[in-house]
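A.B. asks: Here's my sequence, what's the structure:
(one chain, ligands or ions: 1)
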Amino acid sequence: MTEEVELEARLEAQDTFEPPESFVEQANITDEGIYEEFEEPEAWERAAELLTWDSSWDEVLNDDNEPFYEWFVGGELNASTNCVDRHLDERGDEVAIEWVGELGETRTYTYETLHREVNEFAAALREQGVEADDVVTLYLPMIPELPIAMLACARIGAPHAVVFGGFSAEALAERMNAANSSLLVTCDGYYRRGDPLDHLSKARKGLEDVDGDVTTVVVDRLGDDAASEIEDELVYGDLVEAHAGASVEPVARDAEDMLFLMYTSGTTGTPKGVKHTTGGYLSYAAWTAHAVLDIKPEDTYWCSADIGWITGHSYIVYGPLALGTTTLMYEGTPDYPEKDRLWQIVDEYDVTQLYTAPTAIRAFMKWGTEYPEGHDLSSLRLLGTVGEPINPRAWKWYYTHIGNEECPVVDTWWQTETGGMMITTLPALNTMKPGSAGPPLPGISADVVDARGDPVEAGRAGYLVVNQPWPGMLRTLYKNDERFIDEYWDEYSIPERDQWVYSPEDGAKLDDDGYITVLGRVDDVLNVSGHRLGTMEIESAIVGVEGVAEAAVVGGKHEMKGEAVYAYVITEEGQEETEEFRAEIVEAVDETIGPIARPEAVVFTPELPKTRSGKIMRRLLENIANDEEVGNTSTLRNPEIVEEIQQKVREE
Ligand code: WT7
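C.D. replies: Numbering: from 1, shown residues only. Prediction:
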């Protein structure tokens, strides 16, 4: 016991950590000159050179039409060739995807077998009439068919749009309509905590609201033949079998051709269709996986995110496979059948890198050290986190109890829009400071500014901005260039002076060493367990409930989730404020968005705090949710309501 107490005290006092010697000795990037090297945009060729191109680029960066940048202009390549075919000669028999199902069953795809199935499904998609540039929607959970379908789409030049499996039928329909997508790949179900979960009814329900004819392909995950019940649904297994041994020539794509679309939440109720390209995105995903995650072909690398989010796209599928490594994919939850599931997998597969979310680390901490202690985790070489700020205590716990003080921890800041990591330490080069993500990566120019766009002093909070383009950046919002400019470039750019500044909508502060601590969103976007949710989307789901007059959604601090959804609801005349009605509201959020957006609390209130001009004071509602001082309420039209709401929240 005393030993543990000593360790705690030592770590508590320690603010900085040096890269472990054993890691440095073998790291991919050890060259201190790398930051300087990347001051020139030409240095990005180093990222592109990690890939195999059908024809090389003429120009690294075209910035003639800012902020519509183009990268590796004139180059041609195919993403599935890069992630699969080119590894066949040397690594055909090595494992590409190691899949662990929740019930304990496993499936192993070597590069050879992955190549076979990607070709077969690509042939099937073609046969269904899918052509280059047609958007294919993938509404699938964590099963191997998801990355296979992504790569099959990439092979024939059809952009994919993956919709997170936890999203609702309505959310699926909205995204399919926005993308004009007429082919859907989904599945009958999947397992959660040992029980089969129906997915197909959700997909079918969503399809009722999709405009135009849709071809549906269903993966039979549960083995119950539900997939073939409906006549006009195609069964994935049948399609692949019918094209057994097929070979599909990969379509050479222009570097700037769309590789995929990914919908993400913004300030308004309509999700944004973030467009990523083939050349820039793939180079960036591969480069950051190489430089930050230190991935080598012989590794067994594991990112525990869901492929339905950008983290899974870049760091389960595209980055790792482009580098020819083994990427592990896990279907289930970390606490089933026991709270040591992750550690058991690390032990069994000799996982070398683990990339996970702070929300998960906080849960591991709470469960206790006995779970990791029961397993041999010595195969681990590097640890990573992503999705939200990590508090120093959780960082140190991860570093000690999972990494045994021998693995660098990379706290990686980035977004759906950035395509890959932007701010983090290079694991063999930089001192680690728990709680601070680190300096911007080589070639990334980030700063912290005030509302006027002027840099703020070290230690002061301000707005994070990015001052230079990078290859992984989004190119636009799907079919909406105007919104692209509005959302990301309008705030701090000075077009007359050719100054284009990307605005990620995060608060941050810089320290004297140029390290950036990201504080959280500054717009109406919540971060619940590392998942991004728009308050407006949740509000519109709630006001859709009959009996609701008005709703305001804010984030309240939550020990495990980071942030939790707080909904303040005004009912219509005659609508009773009952528990049943509360349940109805929660249900509506489930159905319109999905369980991840479920409110932690629904607070009925006769009014919302508003300014004299009628604007809802969200800050104040956040303070109330967090049981914090509300400060000056004299600018409110209805200051008396504040105390009333506080009372109600405390009663909750
Ligand atoms: C938002 C982006 C990046 C993939 C997962 C989330 C927050 C992300 C960190 C970090 C502090 C972080 C930001 C960002 N965020 N990583 N290491 N430290 N905050 O992607 O859904 O597009 O959300 O997540 O607020 O803007 P996303």
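
A.B. asks: can I assume residue 559 is in contact with residue 363?
C.D. replies: No. Between residue 559 and residue 363 no contact is recorded; they are 9.8 Å apart, counting by CB atoms under 8 Å. Every C-beta, even on glycine, is put in place using the N, C-alpha and C of the backbone.

A.B. asks: of the two, who's got more company?
C.D. replies: Neighbour totals were compared for residue 559 and residue 363, and residue 363 leads with 18 against 10 (other CB atoms under 10 Å).

A.B. asks: any idea of the mean pLDDT in whichever helix or strand that one is part of?
C.D. replies: Here residue 363 sits within helix 358-367, counting by DSSP states H and E. For helix 358-367, mean pLDDT rounds to 96.

A.B. asks: Could you do stretch 602-614 as well?
C.D. replies: 91.

A.B. asks: Would you mind listing what in the stretch 501-650 of the chain touches the ligand?
C.D. replies: 504, 506, 518, 520, 521, 527, 532 (CB under 6 Å from any ligand atom).

A.B. asks: which one of those residues is nearest residue 261?
C.D. replies: residue 532 (15.8 Å; CB to CB).

A.B. asks: how many other residues sit next to whichever residue of the stretch 101-250 of the chain sits closest to the ligand?
C.D. replies: Nearest residue of the stretch 101-250 of the chain to the ligand: residue 164, at 10.4 Å (CB to the nearest ligand atom). Each residue near residue 164 was counted by other CB under 10 Å, and the total is 21.

A.B. asks: same question, residue 249
C.D. replies: 11.

A.B. asks: element containing the residue lying closest to residue 384 once chain neighbours are set aside, please.
C.D. replies: With CB to CB, 6 or more residues apart in numbering as the criterion, residue 384 has its nearest non-adjacent residue at 3.9 Å, and that residue is residue 355. Residue 355 belongs to strand 353-356 when assigned by DSSP H and E.

A.B. asks: Which neighbouring elements make contact with the helix holding residue 363?
C.D. replies: helix 392-397 (3 or more CB pairs under 8 Å, 6 or more residues apart in numbering; DSSP states H and E).

A.B. asks: Show me how far the helix it packs on is from its chain's centre.
C.D. replies: Relative to its chain's centre, helix 392-397 lies at 22 Å (CA atoms, centre = their mean, to the nearest Å).

A.B. asks: for the ligand, what are the nearby residues on this structure?
C.D. replies: Counting by CB under 6 Å from any ligand atom, the chain sits next to the ligand at 264, 309-311, 386-389, 411-416, 437, 504, 506, 518, 520-521, 527, 532.

A.B. asks: quick one, what contacts the closest residue to the ligand within the stretch 301-450 of the chain?
C.D. replies: Closest contact between the stretch 301-450 of the chain and the ligand, by CB to the nearest ligand atom, is at residue 416 (3.4 Å). Residues near residue 416 by CB atoms under 8 Å, 6 or more residues apart in numbering: 262, 264, 274, 309, 310, 474, 532.

A.B. asks: about what we covered before: who are the neighbours in contact with the residue lying closest to the residue of the stretch 101-250 of the chain closest to the ligand once chain neighbours are set aside?
C.D. replies: Once flanking residues are discounted, residue 164 sits nearest to residue 308: 3.1 Å by CB to CB, 6+ apart. Residue 308 is in contact with 141, 162, 163, 164, 165, 166, 167, counting by CB under 8 Å, 6+ apart.

A.B. asks: at 10 Å what do you get?
C.D. replies: Taking CB atoms under 10 Å, 6 or more residues apart in numbering, we find residue 308 in contact with 138-142, 146, 162-167, 262, 531.

A.B. asks: same check, this time on residue 20
C.D. replies: So residue 20 contacts 381, 382, 399, 403, 404, 405, 406, 407, 408, 427, 428 (CB under 10 Å, 6+ apart).

A.B. asks: Tell me where the model's unsure across the stretch 251-400 of the chain.
C.D. replies: Judged against pLDDT under 70, the stretch 251-400 of the chain has no low-scoring part.

A.B. asks: where do the helices sit along it?
C.D. replies: Taking DSSP state H, counting those that start in this stretch, the helices of the stretch 251-400 of the chain run over residues 279-291, 310-312, 319-322, 341-349, 358-367, 370-373, 392-397.

A.B. asks: do you know which of those lies nearest residue 640?
C.D. replies: Among the helices of the stretch 251-400 of the chain, if distance is taken as CB to CB, the winner is helix 358-367, at 37.1 Å.

A.B. asks: buried sites along that closest one?
C.D. replies: 358, 359, 360, 361, 362, 363, 364, 365 (16 or more other CB atoms under 10 Å).

A.B. asks: Please look at the last one and residue 394 and confirm they touch.
C.D. replies: Same thing as residue 365. Yes. Judged on CB atoms under 10 Å, residue 365 makes contact with residue 394 at a distance of 6.1 Å.

A.B. asks: Need the pLDDT of the residue of the stretch 101-250 of the chain closest to the ligand.
C.D. replies: With respect to pLDDT, residue 164 scores 97.

A.B. asks: In CSV, list the C-alpha atoms belonging to stretch 389-405.
C.D. replies: In CSV, the C-alpha atoms belonging to stretch 389-405 read as follows (Å, rounded to 0.1, in the frame of the first residue of the first chain):
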residue,chain,number,x,y,z
PRO,A,389,-9.5,17.2,-23.1
ILE,A,390,-7.9,14.8,-20.7
ASN,A,391,-7.4,15.9,-17.1
PRO,A,392,-3.9,15.4,-15.7
ARG,A,393,-5.1,12.8,-13.2
ALA,A,394,-6.6,10.6,-15.9
TRP,A,395,-3.5,11.1,-18.1
LYS,A,396,-1.2,10.0,-15.3
TRP,A,397,-3.3,7.0,-14.5
TYR,A,398,-3.2,5.9,-18.1
TYR,A,399,0.6,6.5,-18.2
THR,A,400,1.3,4.5,-15.1
HIS,A,401,-1.3,1.8,-14.8
ILE,A,402,-1.6,1.0,-18.5
GLY,A,403,1.7,2.2,-19.9
ASN,A,404,3.8,1.2,-16.9
GLU,A,405,5.7,4.5,-17.3
